[in-house]
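# Just the structure for this:
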Amino acid sequence: MTKIHIVTDSTADLTTDQITQYSIHVVPLSIQIDGKTFIDGVDVQAESFLEMMRTSKELPKSSQPAVGVFQELYDELGKNGDKIISIHMSGGMSGTVKSAQAAAEITNSDVTVIDSRFISYALSFQVIEAAQLAQQGAIVEDIVNHLDKVRGNTKLFVVVDTLENLVKGGRIGKGKALIGSLLSIKPIASLEGGEYTPVHKARSHKQVVQYLYKQFIEDTTGKKVKNVGMSQANGFSMSDPLKKLIEESGFNDVKVAFTSPIISTHTGIGAIGFMYMVE
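Next comes the predicted model:
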């Protein structure tokens, strides 16, 4: 019987247990900092990377996996006629999905590449749903159609505590950053359509928490909350009170992890990502 393999990249916040349970294949990105190159999740971990970034003289740079890395994996997984669904971080933030698409065109294996339009837990929501359906015997077309629904039912917000990394990464100009720093502005953005889109400005961590919780309640009232995840780069002053509010609202399975090095490079220290999915 033909099997469907699920592939993703290292920006998905998956536990070792989840990767094993669902036989998920994770292709890591790499990151360069202070002249050294590290493999995400292999020889650099999320929490320790924050300290490396804090003392680094220059902004770290991330690199998507090479086309050949994807092709080699696809060749191996599909050599017996098995099919592959490869789900990756937003193409608006990385060229990873393009590398996967290029490899899919070269390999002889049957590969369907999907741009999740998200990162972190919001990416993992899709990966796990796909893996569960694959284990249940669903066909590729049904899984792809289901992931369209999952995307439509997912929200992701990013809050940065400092504008420094956004400036260095070319996301905003120095003038805006200077004004923002003087006013202690905490920009809140969504990943609507897979791109970093500013939606609100808060003056304090407390205001950030209030805004995000309000959005969560508005988006989930009358619906079943299936997943909530928070990714934080030492952003405890926002993630801890927000987690408490969500738990008090009735959802007790809030997952929290340190932001992956790839994402921390763009957001800087003190940032949080807040993601939820309804059904």
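
# which residues touch residue 129?
When contacts are counted by Cβ atoms under 8 Å, 6 or more residues apart in numbering, residue 129 touches 146, 147, 150. C-beta coordinates here come from the backbone N, C-alpha and C atoms, glycine included.

# got a winner among those for most neighbours?
residue 150 (22 neighbours; other Cβ atoms under 10 Å).

# ok, that one to residue 72 distance?
Remark: distance between residue 150 and residue 72 (Cβ to Cβ, to the nearest Å) = 28 Å.

# where do the strands sit along the stretch 1-150 of the chain?
Applying DSSP state E, counting those that start in this stretch to the stretch 1-150 of the chain gives strands spanning 4-9, 25-27, 30-33, 36-39, 61-63, 83-88, 110-115.

# what's the distance between the last one and the middle of its chain?
Shown here is strand 110-115, whose average C-alpha point lies 18 Å from the average C-alpha point of the whole chain (Cα atoms, centre = their mean, to the nearest Å).

# pLDDT score for residue 23?
Model confidence at residue 23, given as pLDDT, is 96.

# Tell me, how many residues neighbour it?
Neighbours of residue 23 (other Cβ under 10 Å): 12.

# Could you do residue 211 as well?
The local packing of residue 211 (other Cβ under 10 Å) involves 19 other residues.

# Redo the strands of the stretch 1-150 of the chain as TSV? Include distance to residue 257 and mean neighbour count.
Below are the strands of the stretch 1-150 of the chain laid out as TSV (distance: least, Cβ to Cβ, whole Å; neighbours: other Cβ atoms under 10 Å):
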stretch	distance to residue 257	mean neighbour count
strand 4-9	15	25
strand 25-27	14	18
strand 30-33	17	20
strand 36-39	18	14
strand 61-63	18	17
strand 83-88	18	26
strand 110-115	22	20
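
# quick one, which of these is nearest to residue 265?
Evaluated over the strands of the stretch 1-150 of the chain, closeness to residue 265 peaks at strand 61-63, with 5.5 Å, by Cβ to Cβ.

# Just checking: what are the partner strands of that closest one?
strand 30-33 (antiparallel) (DSSP bridges).

# Need the contact partners of the strand it pairs with.
Here strand 30-33 makes contact (Cβ under 8 Å, 6+ apart) with 37-40, 44, 49, 52-53, 56, 58, 60-63, 65, 261-262, 265.

# ok, 7 Å please
37-40, 44, 52-53, 56, 60-63, 261-262, 265 (Cβ atoms under 7 Å, 6 or more residues apart in numbering).

# Show me which of the residues you listed is closest to residue 121.
Using Cβ to Cβ, the contacts of strand 30-33 come closest to residue 121 at residue 262, 14.2 Å.

# Might you report the residue contacts of the closest one?
So residue 262 contacts 11, 29, 31, 40, 62 (Cβ under 7 Å, 6+ apart).

# hmm, try it at 10 Å
9-11, 28-31, 40-41, 46, 49, 60, 62-64, 89, 93-94, 96, 119-120 (Cβ atoms under 10 Å, 6 or more residues apart in numbering).

# same question, residue 153
125, 219, 223, 226, 227, 276, 277, 278, 279.

# same check, this time on residue 12
18-19, 24, 26, 87-89, 116, 118-128, 260.
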